[in-house]
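**Student:** my questions are about this predicted structure, shown below with the sequence.
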Amino acid sequence: MSKIALNVVIDFKPESKEEIIRSLVAHRERCLKDEPGTLQFEIMVPFDDPSKIILFELYADEAALMAHSKGASLARYREEVKTKVLKVASHKCLLGHESRV
């Protein structure tokens, strides 16, 4: 089965940037340590729009993504940032070289 990638764009209250990044770094560490199907988790701040954070997450398969989505770490992260995040856009993707065109 193909790996599943997530591209997540987070818009946040500007004054909350450092706190959100701290929460994301802790969430990333928990996911990579405690979720065997979480293969990669990158946190990026665009040069051209520092009011956003972009995540790239890679999962072994759909089951791993579902385990992450229902996991304790994501619930904890959401609770920590719930009043600071304005909008989240998420795109579930196949990796281009794995997709069947």
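**Tutor:** Yep, that arrived. Since we're looking at a predicted model, the values are computed, not measured.

**Student:** and the contacts of stretch 23-39?
**Tutor:** With contact meaning CB atoms under 8 Å, 6 or more residues apart in numbering, stretch 23-39 is reached by 3, 41, 43, 53, 55, 57-61, 63-65, 67-68, 71, 73-74, 76-77, 80-81. For glycine as for every other residue, the C-beta is placed from the backbone atoms N, C-alpha and C.

**Student:** list the buried residues in it.
**Tutor:** 23-24, 27-28, 30-31, 35, 37-39 (16 or more other CB atoms under 10 Å).

**Student:** on that earlier part again, so which of the contacts of stretch 23-39 belong to strands?
**Tutor:** Taking DSSP state E, the ones among the contacts of stretch 23-39 that sit in strands are 41, 43, 53, 55, 57-59.

**Student:** so can I have a markdown table of the buried residues of stretch 23-39 showing secondary structure?
**Tutor:** Compiled in a markdown table, those are given as follows (DSSP: H, G, I helix; E, B strand; the rest coil):
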| residue | secondary structure |
| --- | --- |
| 23 | helix |
| 24 | helix |
| 27 | helix |
| 28 | helix |
| 30 | helix |
| 31 | helix |
| 35 | coil |
| 37 | coil |
| 38 | strand |
| 39 | strand |
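
**Student:** of those residues, just say which sits nearest to residue 48.
**Tutor:** Checking those against residue 48 by CB to CB gives residue 24 as the nearest, at 19.8 Å.

**Student:** just among the ones in strands among the contacts of stretch 23-39, which is most surrounded?
**Tutor:** Highest neighbour count within the ones in strands among the contacts of stretch 23-39, by other CB atoms under 10 Å: residue 59, with 24 neighbours.
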